[in-house]
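Q: below are the sequence and a predicted model; questions follow.
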Amino acid sequence: MSDTRLAEELGRMTLFSNLTPAGLGRMAEGARRVAPADGAPLFSQGDPPDAVYALLEGRGRVRVGVPDSAAKRLMVEVFRAGDIFGEIGVLDGSPRSADALVMGEVKLARIPAAAFLETAESEPALGLALARVLSSRLRRTFGLLQDATFAPLEVRLARQVIYLLKTDSVKTDRGVRLAARFRQGDLADLLGATTRSIISILNAWRGSNLVSYDTEKAFLFVLDEAGLAAVAAGPRDGA
């Protein structure tokens, strides 16, 4: 029997907002709610693509990234309420391209691959919405590749912090704070860098009153958005 409430929750997500009631019901019928513990893995690189995940609610996030043989990690993206992930393997039938790890408290809908694909085949609106999501993610991936090739690490970090501010931030008396907790190692993983290099940059930024960082709670506050944007713009010719 279809979970009417879950169908309604899925329908409030941007990706699924234009689906018919029948399409939402079809996905909800096969889906189940999951509330993994903080730090729990959802899937690992190389796993079979058996489901798409929709992040329904929660103060936590889901981190998607890849390891390498030297135990370093590259954080590909951080997903929050309203996002879906795990769709790439389901669409092309290939093994998972990354790991997915829960950070904090989240509630997810686990939509089996078959139910998701059946809905996509019968609902043109889902195909168009998916194309928009994937196009946006491809643009971001291209930008990251371009930055990794041409931009200094400090510039890349500034651009990532600004991106995270735009996607999910909280205004406080101390400045604008990234909504999610980011340890210094997490920030390093965003760029495929070492933790030591990120600490060095953050210390320089703190000295310039661009940011403050709560090491105990792993919260990053931006004190001077214009100044950080100037760093993100990169060095001027001749500077």
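A: That came through fine. Please read all numbers here as calculations on a predicted model, not as lab measurements. Residues are numbered from 1 along each chain as shown.
Q: can you give me the distance of the residue nearest to the spatial centre of the chain to residue 43?
A: What sits nearest the mean C-alpha location of the chain, by Cα atoms, centre = their mean, is residue 78, with 2.1 Å. From residue 78 across to residue 43, the span is 16 Å (Cβ to Cβ, to the nearest Å). All C-beta spots, glycine's among them, are computed from the backbone N, C-alpha and C.
Q: swap in residue 212?
A: For residue 212 relative to residue 43 (Cβ to Cβ), the value is 35 Å.
Q: flag the helix or strand of the chain with the lowest per-element mean pLDDT.
A: strand 73-79 (a mean of 81; mean pLDDT, DSSP states H and E).
Q: what's downstream of that one, the next helix or strand?
A: The helix or strand immediately downstream of strand 73-79 is strand 84-85, counting by DSSP states H and E.
Q: report the mean confidence score over stretch 161-172.
A: Taken as a whole, stretch 161-172 has an average pLDDT of 93.
Q: wait, I meant stretch 87-95
A: Mean per-residue pLDDT for stretch 87-95: 95.
Q: how far does it sit from the chain's center?
A: Centre-to-centre, stretch 87-95 and its host chain are 18 Å apart (Cα atoms, centre = their mean, to the nearest Å).
Q: show residues contacting it.
A: Defining contact as Cβ atoms under 8 Å, 6 or more residues apart in numbering, one finds that stretch 87-95 is touched by 45-52, 96-97, 113, 116-117, 130, 133-134.
Q: got it, and stretch 202-215?
A: 154, 161, 174-175, 184, 187, 219-224, 227-228, 231.
Q: more neighbours: residue 212 and residue 43, which one.
A: Neighbour totals were compared for residue 212 and residue 43, and residue 43 leads with 21 against 16 (other Cβ atoms under 10 Å).
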